[in-house]
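J.: Sequence first, predicted coordinates after that:
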2 protein chains.
Amino acid sequence: MARPLTPLLSVDRIAKGALELVDHSGEFTIPALAAKLGVRPSSLYNHVSGRTEIVELMRGLASDHIRLPHHDSDWYATISETCRQYRNSYARHPRLIPLLTAYPVSHPATTRMYNLLADVLTEAGFDPAEVLKAITTLDSFVLGSALDVAAPEVVWTPGDHAEPALAAALATPPQGTQQRADEAFEYGLQIVMNGLAQQLAAIERSR
Amino acid sequence: MARPLTPLLSVDRIAKGALELVDHSGEFTIPALAAKLGVRPSSLYNHVSGRTEIVELMRGLASDHIRLPHHDSDWYATISETCRQYRNSYARHPRLIPLLTAYPVSHPATTRMYNLLADVLTEAGFDPAEVLKAITTLDSFVLGSALDVAAPEVVWTPGDHAEPALAAALATPPQGTQQRADEAFEYGLQIVMNGLAQQLAAIERSR
């Protein structure tokens, strides 16, 4: 049998094609995706229900590199490592992030991560309403940090507008993009985790 | 004299046109912007030097609603209120955020905010290297929180994949988009600020 000239259309090819468009231009459309894959738009609908499902498939791809830590008794370490994995995985697709936050989260791979966070926070002592707000806090910090990985080598170029305190801060090393972003993330992660630990101590005192 | 059929091209019209494109599709191109404004691409270059300057002008527009608090002696309150203003102003343009984080910050309006943050953190007792990392922590949390304002009414729809702890957290009110996002932001802001206060106490103890 002759080999087909184009690979068969599949859910995976659709997701990867859409992600390439988003990585490049911050958006995808069904017509542009069909053109990229060399098919008619109607063919896509044989595999996916539409835009919402494609966003969710891209969320799955963005979560691909998340290696969840073993859920052990140390809530601080387990959540910190989950956030590191989450940030590093999503940092590969910064332009995708505003699409992900604009659509409901349903992908099983992402839900697995949220299950772990909810389990660990609940066992640590947070009640359900605080679990949700703590997860949202971590989410916001991690997604902002993932965007920061894509920041330019020199983040601030305020010129003459920097006053002494800002100028002194900007003169501190390191300058390289990855090292600066990594050190700032680890610092911020510790700030957020210490804030959560303090909140937990307050909860325990009030019991 | 006859009134011109299209308003004169200006830096402000260019910035606002680009922001409308980004709000709609997550991106702008010089040809698309020129078409939208009814001019030739080359005409744009009579007013702006190119893409980087247009991004910076959009950063200025995104910062438009920031009303910086009076810099008083309470570092915790001053920084908290700055972050609220920053988040609310940027939340109006979620699709712009990955463009802003990918370009160097130079707009005077934004620099004014960073000057305030650097001044207040420095006076509170952080050294210059920590000032920069603390600002990056606040930046990441605020930008992630600004994206969260654009989240759908129901953020998580994990279906059968939610285990008990996550399901219990998702069952807690409030459900409305704005109220949920606002309450989560205020919770997270307190977590981050308490983490910074704890770090400051550690710095003071080590002196």
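T.: Thanks, I have it.

J.: Counting by contacts, list what whichever strand or helix holds A:Ala118 packs against.
T.: Using DSSP states H and E, A:Ala118 maps to helix A:108-124. With contacts taken as 3 or more Cβ pairs under 8 Å, 6 or more residues apart in numbering or on different chains; DSSP states H and E, helix A:108-124 sits against helix A:51-62, helix A:75-90, helix A:128-149, helix B:164-170. All C-beta atoms are positioned from the backbone trio N, CA, C, and that covers glycine.

J.: Now the residue nearest to the spatial centre of chain A: closest residue in space, sequence neighbours ignored.
T.: What sits nearest the mean C-alpha location of chain A, by Cα atoms, centre = their mean, is A:Tyr90, with 3.7 Å. Spatial nearest neighbour of A:Tyr90, excluding adjacent residues (Cβ to Cβ, 6 or more residues apart in numbering or on different chains): A:Ala146 at 4.1 Å.

J.: For A:Ile97, see how far away the one you found is.
T.: 6 Å (Cβ to Cβ, to the nearest Å).

J.: can you check A:Thr172 too?
T.: 28 Å.

J.: These two - which one has more neighbours?
T.: A:Ile97 (26 against 15; other Cβ atoms under 10 Å in any protein chain shown).

J.: and the more buried one, what does it touch?
T.: A:Ile97 sits next to A:Tyr90, A:Leu143, A:Ala146, A:Leu147, B:Ile97, B:Pro98, B:Leu147 when contact means Cβ atoms under 8 Å, 6 or more residues apart in numbering or on different chains.

J.: Model confidence for it, exactly?
T.: Looking at A:Ile97, its pLDDT is 96.

J.: With the one 10 residues further on instead?
T.: The model reports A:His107 with a pLDDT of 94.

J.: ok, and what's touching stretch A:112-122?
T.: A:63, A:66, A:68, A:71, A:75, A:78-79, A:82, A:86, A:105, A:128, A:130-131, A:134-135, A:138, B:156, B:158, B:161-163, B:165-166, B:168-169.

J.: Which neighbouring elements make contact with the helix or strand harbouring A:Ala32?
T.: Using DSSP H and E, A:Ala32 sits in helix A:30-37. Applying 3+ Cβ pairs under 8 Å, 6+ apart, one finds that helix A:30-37 contacts helix A:11-25, helix A:41-44.

J.: Which one of those helices lies nearest to chain B?
T.: With Cβ to the nearest Cβ as the criterion, chain B lies closest to helix A:11-25 of the helices and strands packed on helix A:30-37, at 4.9 Å.

J.: Report the separation between A:Arg84 and A:Pro31.
T.: From A:Arg84 to A:Pro31 the distance is 38 Å (Cβ to Cβ).

J.: neighbour-wise, which of the two wins?
T.: Under the neighbour definition other Cβ under 10 Å, A:Arg84 and A:Pro31 were set side by side, and A:Arg84 has more, 19 against 11.

J.: What residues does the more buried one make contact with?
T.: A:Phe185, A:Leu189.

J.: Report the contact partners of A:Trp75.
T.: Contacts of A:Trp75 by Cβ under 8 Å, 6+ apart are A:Val120, A:Leu121, A:Glu123, A:Ala124.

J.: Outline the domain layout of chain A.
T.: A:11-48, A:68-205 (automatic domain parsing).

J.: which helix in chain A runs the most residues?
T.: Secondary structure of chain A read by DSSP state H shows that its longest helix is helix A:177-205.

J.: Can you point out the buried residues in it?
T.: Of the residues in helix A:177-205, A:177, A:180-185, A:187-200 count as buried by neighbour count, 16 or more other Cβ atoms under 10 Å in any protein chain shown.

J.: And for stretch A:64-79?
T.: For stretch A:64-79, the neighbour count (16+ other Cβ under 10 Å) marks A:Ile66, A:Leu68, A:Pro69, A:Trp75, A:Thr78, A:Ile79 as buried.

J.: which neighbours do A:Ala146 and A:Ile97 share?
T.: Common neighbours of A:Ala146 and A:Ile97 (Cβ under 8 Å, 6+ apart) are A:Tyr90.

J.: tell me the mean pLDDT over the longest helix of chain A?
T.: Across helix A:177-205, pLDDT averages out at 95.

J.: Can you get me a residue count around A:Arg40?
T.: With other Cβ under 10 Å as criterion, A:Arg40 counts 11.

J.: got any ranges where chain A has weak pLDDT?
T.: A:1-7, A:175 (pLDDT under 70).

J.: Grab the CA positions of stretch A:31-43 and hand them over as CSV.
T.: Output in CSV follows, covering the C-alpha atoms of stretch A:31-43 (Å, rounded to 0.1, in the frame of the first residue of the first chain):
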residue,chain,number,x,y,z
PRO,A,31,-9.2,27.9,9.9
ALA,A,32,-5.5,28.6,10.6
LEU,A,33,-5.1,25.3,12.4
ALA,A,34,-6.8,23.4,9.5
ALA,A,35,-4.6,25.2,7.0
LYS,A,36,-1.5,24.3,9.0
LEU,A,37,-2.5,20.7,9.2
GLY,A,38,-3.4,20.6,5.5
VAL,A,39,-7.1,19.6,6.1
ARG,A,40,-10.4,21.3,5.8
PRO,A,41,-11.8,22.9,9.0
SER,A,42,-14.7,20.4,9.0
SER,A,43,-12.2,17.6,9.3
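
J.: How far does that stretch sit from its chain's centre?
T.: Computed by Cα atoms, centre = their mean, to the nearest Å, the separation of stretch A:31-43 from the middle of its chain amounts to 27 Å.

J.: how about that stretch: buried residues?
T.: A:Leu33, A:Ala34, A:Leu37, A:Val39.

J.: Over to stretch A:99-109?
T.: Here stretch A:99-109 shows A:Leu99, A:Leu100, A:Thr101, A:Tyr103, A:Pro104, A:Val105, A:Ser106, A:His107, A:Ala109 as buried, counting by 16+ other Cβ under 10 Å.

J.: Now flag whichever of these is closest to B:Val22.
T.: A:Leu99 (13.4 Å; Cβ to Cβ).

J.: ok, now which ones touch that closest one?
T.: Counting by Cβ under 8 Å, 6+ apart, A:Leu99 has contacts A:Val22, A:Glu27, A:Val55, A:Met58, B:Gly26.
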